[in-house]
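Engineer: Would you be able to build a 3D model of this:
(2 chains)
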There are 2 protein chains.
Amino acid sequence: MKLLEEKITAEGKVLPGNILKVDGFLNHRIDVAFVMQLGEELARRFKGSGVNKVLTIEASGIAVATAAAFYLDVPLVFAKKHKSDNISDNVYSAGAHSFTHGNDYTAVVSKEYLSAGDVVLIVDDFLAQGSALSCMINIVEQAGATVAGCASIIEKGYQGGGDQLRAKGIRVESLAIIESMEAGNIVYRPDEGEKA
Amino acid sequence: MKLLEEKITAEGKVLPGNILKVDGFLNHRIDVAFVMQLGEELARRFKGSGVNKVLTIEASGIAVATAAAFYLDVPLVFAKKHKSDNISDNVYSAGAHSFTHGNDYTAVVSKEYLSAGDVVLIVDDFLAQGSALSCMINIVEQAGATVAGCASIIEKGYQGGGDQLRAKGIRVESLAIIESMEAGNIVYRPDEGEKA
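Structural biologist: Alright, predicted model coming up:
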């Protein structure tokens, strides 16, 4: 999505350790008008896929997932992160690793809110190794529901998580895919989804 | 807000230990179309207050705060919860206690995203003792910014946190204020804000 690539290039900061800081508009201060446009674009890409539910995980994906769900006119479920393995019986749960925070967590979703028959769009703000998305796919599968696809705002293409999911036949749409980055030079993968 | 009171009465569950479970539409599964209406109503109540920023805290307030910020046409900042006191110098931070989770946490906001001159609407999904709101008020004051007011979706009026803030001269708007509840009978405080 051209508009997003321009925003990342203009406002994002590439920090040592391969970190892209976009917390000025995406995940600490949120440019809500802009994030609503991102959600609208995700909804456009998945319209006609029969999506009846959006799934994300707390916390920084919630705003854009709310926007996507709004434009798809479906409810949003957000998975909660638990530090412990002490999980009740009435939830689906799966483990994941956060490379950003360097910790493991367990994501849980109440069995009340995900069921066989649901067609789920999984949304997150970042896609790098794909750990959070894989964890949510696992949860959707536990429910016997269908994954319509995964959507991320910014994919670090060079970390391979998105392409691994695509290789498994899962539809993955990212609004900007970064092939390489260093301060002052971010290279994006051509966006095939924008005009599709 | 009549619509919200009806929804709580119809879909909320009063559980032992004075717990109101509304995670079917507000804080686990989110009825996004409805939450956007809640945000629009909050925006209507604070229009003309000069608000240029919405502040909330992760995670369950983010959806409704996104909606309020969208209709106010201002950015949203969400405070992050840290478990440790090991906080860097470039953030504002304040402690709070979660009665729901029975733990203490430190809320942090980057100094980049809150400054003197900001007029801030503080939004959260629940207001009981007022610990989260007081913590965010503290952060806004550290920045030298102005609190336009606090907004919550559901206030447990009988726990007193909202009225304590009002007694300090802070404008507090809650879309539903519960005066008492037991299974099958939730009593609401008359809503003076709806027609104002």
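
Engineer: Would you mind pulling the contact partners of whichever strand or helix holds residue A:173?
Structural biologist: Here residue A:173, judged by DSSP states H and E, is contained in strand A:172-182. Contacts with strand A:172-182, where a contact means Cβ atoms under 8 Å, 6 or more residues apart in numbering or on different chains, come from A:1, A:4-5, A:8, A:14, A:18, A:20, A:38, A:41-42, A:45-46, A:127, A:133, A:149-158, A:162, A:165-166, A:186-189, A:191, A:193. (C-beta placed from N, C-alpha, C; glycine too.)

Engineer: Report the buried members of these.
Structural biologist: Neighbour-count burial (16 or more other Cβ atoms under 10 Å in any protein chain shown) is assigned, among the contacts of strand A:172-182, to A:1, A:4-5, A:8, A:14, A:20, A:38, A:41-42, A:45-46, A:127, A:133, A:149-157, A:162, A:165, A:186, A:188-189, A:191, A:193.

Engineer: Chain B next: which of those are close?
Structural biologist: Near chain B, judged by Cβ under 8 Å from any Cβ of the partner chain, there are no entries from these.

Engineer: Count the residues that sit near residue A:179.
Structural biologist: Residue A:179: 13 surrounding residues under other Cβ atoms under 10 Å in any protein chain shown.

Engineer: residues in chain A within reach of chain B, list them.
Structural biologist: So chain A meets chain B at A:23-24, A:28-33, A:35-36, A:54, A:58-60, A:62-63, A:66-67, A:69-70, A:73-78, A:80, A:109-110, A:112-113 (Cβ under 8 Å from any Cβ).

Engineer: got the contact list for the residue sitting nearest the centre point of chain A?
Structural biologist: What sits nearest the mean C-alpha location of chain A, by Cα atoms, centre = their mean, is residue A:124, with 1.8 Å. By Cβ under 8 Å, 6+ apart, the contact set of residue A:124 is A:56-57, A:61, A:65, A:132-133, A:136, A:150-153.

Engineer: okay, the nearest residue to it once chain neighbours are set aside: pLDDT?
Structural biologist: Using Cβ to Cβ, 6 or more residues apart in numbering or on different chains and skipping residues adjacent in sequence, the residue nearest residue A:124 is residue A:61, 4.3 Å away. Looking at residue A:61, its pLDDT stands at 95.

Engineer: Next: the one 3 residues further on.
Structural biologist: What the model reports for residue A:64 is a pLDDT of 98.

Engineer: what sits against residue A:12?
Structural biologist: Contacts of residue A:12 (Cβ under 8 Å, 6+ apart): A:20-22, A:186.

Engineer: cool, residue A:65 as well?
Structural biologist: A:39, A:54-56, A:76, A:78, A:123-124.

Engineer: Let me have the residues you listed in CSV, adding distance to residue B:179 as columns.
Structural biologist: Listed next are the contacts of residue A:65 as CSV, based on distance: Cβ to Cβ, whole Å:
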residue, distance to residue B:179
A:39, 37
A:54, 35
A:55, 36
A:56, 34
A:76, 30
A:78, 30
A:123, 38
A:124, 40
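
Engineer: Of the residues you listed, just say which sits nearest to residue B:96.
Structural biologist: Using Cβ to Cβ, residue A:78 is the member of the contacts of residue A:65 that sits closest to residue B:96, with 21.0 Å.

Engineer: which residues does the closest one bridge with?
Structural biologist: residue A:56 (DSSP bridges).

Engineer: ditto for residue A:152
Structural biologist: Residues in beta-bridge contact with residue A:152 (DSSP bridges): residue A:124, residue A:174.

Engineer: what's the distance between it and chain B?
Structural biologist: Going from residue A:152 to chain B by Cβ to the nearest Cβ, to the nearest Å gives 17 Å.
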